[in-house]
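**Student:** Just need the structure, nothing else, for what follows:
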Amino acid sequence: MRPVFLLSILTLAVGCTTPEPAPNGLDLLFSDQLSVIDLTHAVSAEAPWWPGPDVSPFVHDTLGAHPDGAPSFAAYAVPEHFGTHLDAPVHFGEGLNSVDRIPTERFFGPAVVIDVTDAGAADPDYALTRADVEAWEARHGRIPEDAIVLLRSGWARKWAQGAPYYNRDAEGLMHFPGFAPDAARFLVTERSVAGIGSDTGSVDPGMATEFAVHEIANGAGLFHLENVGDLTDVPESGAFLIVAPIKIEGGSGGQVRLFAVVR
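**Tutor:** Numbering: from 1, shown residues only. As a prediction, this is how the structure comes out:
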């Protein structure tokens, strides 16, 4: 069953099982029982971007300003797939849901964090395999229904460094970890997950040229989260994810504010 209301989520997160009235969700949220981790990179012209023009595609123009120069009103333009963002199923699945048509309950779910930090440090082209997913299940149990599976490679720490984040070689080929097709296929066909995500520039490894993971997961109606922020403080199991994408009518994706609720 998918939880719909945030207060119910927060109550469930602390394991309230008695018939006594449940504590108010907001009280729990701002107590020492729960914390909220922001997994979103700020959108700016300095943020790394997918290969393309030499100038950042993000534009932010001040239309009105306070006496100190801070904007009181501004306009911005940005590609859908820039910064921490969501790929809607229609991104690689013709005729499937655009970002505004994804059912709301899909944006709330258990977070499954699979750590490949050591493997990614040894091999920037590392791809998360089905065996890695099964090893996670051996430690934590079966992946919960409607979970959102996140790859933690440690790559988010390179975000502020600019060029090292996409790690292009002399030929322009990128090198960063992602999912392998067999892992994506397993999650799609044998587990009922809502989406997948990565703290790198794509759910496919950087060197991928055919985007097989996009085709498998988007094609099955799942969404992707890309350029996820630092997952260091999010446990492998037990956290809850809140995904809040911009609601672009017909959009193939868009910027997302992403939160992990952690005990």
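
**Student:** element containing the most centrally placed residue in the chain?
**Tutor:** Closest residue to the average C-alpha location of the chain: Leu225 at 3.1 Å, with Cα atoms, centre = their mean. Assessed by DSSP states H and E, Leu225 sits inside strand 223-226.

**Student:** now swap in Phe240 and tell me
**Tutor:** strand 239-245.

**Student:** buried set for that strand?
**Tutor:** For strand 239-245, burial by neighbour count (16 or more other Cβ atoms under 10 Å) applies to Ala239, Phe240, Leu241, Ile242, Val243, Pro245. Quick note: C-beta positions are derived from backbone N, CA and C, even for glycine.

**Student:** bridging residues for the first one?
**Tutor:** Looking back up the chat, that one is Ala239. Judged by DSSP bridges, the bridge partners of Ala239 are Ala111.

**Student:** Return the distance of it relative to Gly219.
**Tutor:** Ala239 sits at a distance of 27 Å from Gly219 (criterion: Cβ to Cβ, to the nearest Å).

**Student:** on that earlier part again, Ala156 is in contact with the residue nearest to the centre of the chain, correct?
**Tutor:** No: using Cβ atoms under 8 Å, Leu225 makes no contact with Ala156, being 12.0 Å away.

**Student:** all strands of the stretch 151-263 of the chain, in order?
**Tutor:** Residue ranges of the strands in the stretch 151-263 of the chain, as given by DSSP state E, counting those that start in this stretch, are 178-179, 195-198, 223-226, 239-245, 253-262.

**Student:** out of those strands, deepest packed?
**Tutor:** Among the strands of the stretch 151-263 of the chain, strand 178-179 has the highest mean neighbour count (mean count of other Cβ atoms under 10 Å), at a mean of 32.

**Student:** re earlier: name the helices or strands packed onto the strand holding Phe240?
**Tutor:** In terms of contacts (3 or more Cβ pairs under 8 Å, 6 or more residues apart in numbering; DSSP states H and E), strand 239-245 is packed against helix 6-13, strand 85-87, strand 108-115, strand 148-152, strand 253-262.

**Student:** ok, 10 Å please
**Tutor:** helix 6-13, strand 35-38, strand 85-87, strand 108-115, strand 148-152, strand 195-198, strand 223-226, strand 253-262 (3 or more Cβ pairs under 10 Å, 6 or more residues apart in numbering; DSSP states H and E).

**Student:** buried stuff in the helix ranked longest in the chain?
**Tutor:** What stands out as the longest helix in the chain, according to DSSP state H, is helix 130-140. Buried residues in helix 130-140, counted by 16+ other Cβ under 10 Å: Arg130, Asp132, Val133, Trp136, His140.

**Student:** now the fourth one: how far from Pro67?
**Tutor:** Remark: distance between Trp136 and Pro67 (Cβ to Cβ) = 54 Å.

**Student:** Could you do the third one as well?
**Tutor:** The span separating Val133 from Pro67 equals 55 Å under the rule Cβ to Cβ.

**Student:** Am I right that Glu145 is in a strand?
**Tutor:** No: per DSSP: H, G, I helix; E, B strand; the rest coil, Glu145 lies outside any strand segment and is coil.

**Student:** Count the residues that sit near it.
**Tutor:** 13 (other Cβ atoms under 10 Å).
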